Every structure is written in structure tokens, then in C-alpha cells.
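Enquirer: output the structure for:
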Amino acid sequence: MNKYISILAISISLISTIAFASDDKFDYENFVKQYYQAMTNTQQPGASREDLEIYLSFLTDDVGNQHFPNAPDDSREPDGKKLMREGMSRYLGVHTDYKAKILEYIVGYNSIALKHTFSATGLRSDGSEFSYNKVVLDVLELENGKVSVIRRYGK
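Expert: Here you go, the predicted structure:
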């Protein structure tokens, strides 16, 4: 039940965030918290397609996604969101444990630099276990209140 209340709260907040985006008083702090919650919900054990769609609602349709060192290109493609949906769908629900925390963030005109940490354990499709612990910096470019480019820096 709490998950549905959280989803409803994020949806309502997203609508209000988009409304603010057309104003000169964009609420970056609120956006960061909502975006981060939606993003981390996609990594939780039992994450659903609904969680993924809520996260994707924060992105433009032509979002560019650059993840060093794996994806060194940040080109915006007309089907960028569709590509992210396909890629992220393969990993929904693979974590058996996931923890995440914002360390700090700064904002600028239509941009956010978000330093955060996360750790996870889980099972690969072949049944083998994995675990990781990372600190990364995500640089987000915004367009009309949505993320248009994601650049992730981290090992």
C-alpha cells in the first residue's frame, strides 16, 4: 500500500514540477528528490514496469544517456526513452538488496550535478550472484522540466 501512495505522491509532484518548469522559479530541490526517488525505485528488489514508467516520465522522448566508460556517446536520439526502457527492462527485479543515498548536489541553469552512492546485491539470469558499491556523479541537463541528457561519471 505504501508503494502505491509513494507512486501517487511522485506522480502528483511530477505534474507540479512540470508546471514549475514553465515558470522562472523551477523548484530544483523538489525535482532532485523526486527524480532520485523514481530512479532508485527502478533498482529496488521487486521493481516493476510501473516503477520504470514513473522514472521514464522524468525524461524527454529523445533523451541522451552517456555512461562512462560503457557508453561514451551522449547523442540524443528520437527514440532515446524507448531505448532506455528496453535496456532497463532487462534488469528490473534482479537486485535482492539495494541501498542508495544522495551525497550532494548542485544546480545551475537547466542542469543538476548529483553525487550519490549506491550498493546492490543480486542474481544474474544465469543464477550467479553479484554485488557492487559505487559512488557516481550524474550530470543532468534539463529541457522544459525534463531530463534531456544524462551523463554518469563513475567506475
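
Enquirer: which residues does Thr121 contact?
Expert: For Thr121, the contact set (C-beta atoms under 8 Å, 6 or more residues apart in numbering) comprises His95, Thr96, Asp97, Glu129, Phe130, Ser131. From N, CA and C alone the C-beta is placed, and that goes for glycine too.

Enquirer: for the strand or helix carrying it, give the mean pLDDT please.
Expert: According to DSSP states H and E, Thr121 maps onto strand 111-123. For strand 111-123, mean pLDDT rounds to 97.

Enquirer: that one: partners in the sheet, and parallel or antiparallel?
Expert: strand 95-108 (antiparallel), strand 129-143 (antiparallel) (DSSP bridges).

Enquirer: quick one: the first one to chain centroid distance?
Expert: Here strand 95-108 shows a centroid-to-chain-centroid distance of 10 Å under the convention C-alpha atoms, centre = their mean, to the nearest Å.

Enquirer: in it, what counts as buried?
Expert: Of all the residues in strand 95-108, those buried under the rule 16 or more other C-beta atoms under 10 Å are His95, Tyr98, Ala100, Tyr105, Val107.

Enquirer: put the alpha carbons of it into PDB.
Expert: What follows is strand 95-108 as a C-alpha-only set of coordinates in PDB (Å, rounded to 0.1, in the frame of the first residue of the first chain):
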ATOM      1  CA  HIS A  95      18.500  -7.000  -7.100                       C
ATOM      2  CA  THR A  96      18.000  -8.800  -3.800                       C
ATOM      3  CA  ASP A  97      19.100  -5.700  -1.900                       C
ATOM      4  CA  TYR A  98      19.600  -2.100  -2.900                       C
ATOM      5  CA  LYS A  99      20.600   1.000  -0.900                       C
ATOM      6  CA  ALA A 100      21.200   4.500  -2.300                       C
ATOM      7  CA  LYS A 101      21.900   7.900  -0.900                       C
ATOM      8  CA  ILE A 102      22.400  11.400  -2.300                       C
ATOM      9  CA  LEU A 103      25.700  12.700  -1.100                       C
ATOM     10  CA  GLU A 104      25.300  16.200  -2.500                       C
ATOM     11  CA  TYR A 105      24.000  18.100  -5.500                       C
ATOM     12  CA  ILE A 106      24.400  21.500  -7.100                       C
ATOM     13  CA  VAL A 107      22.200  23.100  -9.600                       C
ATOM     14  CA  GLY A 108      22.700  25.600 -12.400                       C
END
